[in-house]
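Trainee: below is the sequence, then the predicted model.
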Amino acid sequence: MFRKILIANRGEIALRIVRAARALGIEAVVAYSEADRESLPVQLADEAICVGPADARRSYLSAPAVISAAIVTGCDAVHPGYGFLSEDEGFAEVVRAHELTFIGPPPEVLERFASKEATRRLLAGHGLPMVPGSNGMLRDDGHALEEAERIGFPVLIKPSAGGGGKGMRMVRSPRELETALTIGRSEARAAFGDDSLYMEKWIEDNRHVEVQVAVDRFGHGIHLGERDCSVQRRHQKLLEEAPAPGLSPAARSELCERAIRAVVAAGYENVGTLEFLVDRDGNYYFIEINCRIQVEHPVTEALTGIDLVAMQIRIAAGEPLGIAQADVVSRGHAIEFRINAEDADADFQPQAGIVDRFLAPGGPGVRVDSHVYSGYEVPPFYDSLLAKLIVWGPDRPTAIARSRVALDELLVEGLVTNVPIHQALLANEAFLEGRMTTNLLDRVGGAAFLAAAARA
């Protein structure tokens, strides 16, 4: 097992990794930018080291700065969290070259799954159904138009690298295509340093369901069930829950079993998530794999009692999983609310500034993962996520009832947050009946959704 790890990330996930490391008896060092000097992970870590200015390209995305910090502080492993360098095979290779361990899939595994389009072909060969898509990357605008007409409008333009909805554009006609490609390339280049795009058929009224998997270096793999991530705004998740409403036990079992068989056969290693779209008829299609810990991993932890971050660390250290599929038992229902500093009335415009007061809710089945405290200054340079509120109940109605109480108790003063959107969701008929789709919010927009909830 590792003696000391460097956490090359920020916010709530950095603090989450600190806690997992300490539970394993590992010293935790947080690498931080100048903008995060007063953050909670920095204050609670065993040690902290500044890796550069607020600009992420010169701090969290700077491989030389992160590697130097790990060496200077005497670490023997690096945990990248999610985002930033978490799926960068080049960075993972540099980590290995400096005789450090990358806590995640090994470099060769990251390279194998680096291209989303190549991953589609790889996993299709191992039995996963695919959304109809482009044959390879989109070479230019002319090639994109040819592929769109072959697939059939509407289509979804997607970046080959990265995730989080950045660079994605839904296109309904040839007239919209050129602008969508220009914007998509620009966003992908800025977010991931790679502007290559590919295309998928857009499935109307789809649901977004993902399967959590874990595979050790000995080829032993398990799934830990699925999560529904359909509540989104502009392709970015706002709420996740498990089990996924509307899936029969047979469909759930088939989806999860096919997912784990495919990734084991494809040579995956460590913790990961396979994402699927589910259409109106219940057909599911693989869209991508995330080779890292997910923002929404606490949903699965709440159901199974398994610490996924600790599992990541153990697998990276060369330990076997130590559990079989039969050992994974899922109980009850869990919902995660992403609490963001953003104004839904202003098209989800991100907010920055000082949190005057912060009070986390409590009670049975309530968990809050957050780096925020009263007096904390939210910097304008990064993601707007302030906290994750995770609520468990023995069934979905109980989880929803507890969630209403927890959202009412949650206090964030000084900044506008998206708490009202979550409260409106818990009064929305489609959500309450488990009929939500990925366009539930985008169909009307945040302001209209809030107004409709207020009238109800």
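Mentor: Sure thing, it's come through. Numbering: from 1, shown residues only.

Trainee: what does the residue lying closest to residue 365 once chain neighbours are set aside show for phi and psi?
Mentor: Closest residue to residue 365 apart from its sequence neighbours, by C-beta to C-beta, 6 or more residues apart in numbering: residue 392 at 3.8 Å. No exception for glycine: its C-beta is placed from N, CA and C like everyone else's. Listed backbone geometry of residue 392 is phi -110, psi 150, with angles given as degrees, to the nearest 10.

Trainee: okay, the spatially closest residue to residue 18 that is not a sequence neighbour and residue 315: tell me how far apart.
Mentor: Nearest non-adjacent residue to residue 18, counting by C-beta to C-beta, 6+ apart: residue 28, 4.4 Å away. Separation of residue 28 from residue 315 (C-beta to C-beta, to the nearest Å): 18 Å.

Trainee: right, and residue 197 touches residue 166 too?
Mentor: No. Because the distance of 11.8 Å does not satisfy C-beta atoms under 8 Å, residue 197 is recorded as not touching residue 166.

Trainee: give the contact list for the residue nearest to residue 365.
Mentor: For residue 392, the contacting residues are 302, 303, 332, 333, 334, 365, 366, 367, 399, 402, taking C-beta atoms under 8 Å, 6 or more residues apart in numbering as the criterion.

Trainee: out of these, who's the most crowded?
Mentor: Counting neighbours by other C-beta atoms under 10 Å, residue 334 leads the contacts of residue 392 with 28 neighbours.

Trainee: so it sits against residue 302, correct?
Mentor: Yes. Under the criterion of C-beta under 8 Å, residue 334 is in contact with residue 302, at a separation of 3.8 Å.

Trainee: hey, which strand is longest across the chain?
Mentor: Selection of the longest strand in the chain by residue count, based on DSSP state E, yields strand 221-233.

Trainee: strand partners (parallel or antiparallel) of that one?
Mentor: strand 207-215 (antiparallel), strand 236-242 (antiparallel) (DSSP bridges).

Trainee: buried residues, the lengthiest helix in the chain. List them.
Mentor: Looking across the chain with DSSP state H, the single longest helix is helix 174-192. Of the residues in helix 174-192, those scored as buried under the neighbour-count criterion (16 or more other C-beta atoms under 10 Å) are 176, 177, 180, 181, 184, 185, 187, 188, 191, 192.

Trainee: contacts only, for residue 196.
Mentor: With C-beta under 8 Å, 6+ apart, residue 196 has these contacts: 115, 137, 138, 159, 160, 161, 188.

Trainee: narrow these to those in strands?
Mentor: When those are checked against strands (DSSP E), the matches are residue 159.

Trainee: for the contacts of residue 196, which one is nearest residue 325?
Mentor: Of all the contacts of residue 196, residue 115 has the smallest distance to residue 325: 29.4 Å, by C-beta to C-beta.

Trainee: quick one, what contacts the closest residue in space to that closest one that isn't next to it in sequence?
Mentor: Here the nearest residue to residue 115 in space, its sequence neighbours aside, is residue 160; by C-beta to C-beta, 6+ apart that works out to 5.1 Å. Residue 160 is in contact with 115, 116, 117, 137, 188, 194, 196, 197, 198, counting by C-beta under 8 Å, 6+ apart.

Trainee: try it again with 10 Å
Mentor: Applying C-beta atoms under 10 Å, 6 or more residues apart in numbering, we find residue 160 in contact with 114-119, 136-138, 167, 188, 192, 194-198, 288.

Trainee: tell me how far the helix or strand bottoming out on mean pLDDT in the chain is from the chain's mean position?
Mentor: Least confident element among the helices and strands of the chain, by mean pLDDT, DSSP states H and E: helix 446-455 (a mean of 79). The chain centre lies 27 Å from the centre of helix 446-455; the measure is C-alpha atoms, centre = their mean, to the nearest Å.

Trainee: residues in contact with that helix?
Mentor: Contacts to helix 446-455, defined as C-beta under 10 Å, 6+ apart, come from residues 233, 238, 342-349, 418, 420-421, 423-428, 440-445.
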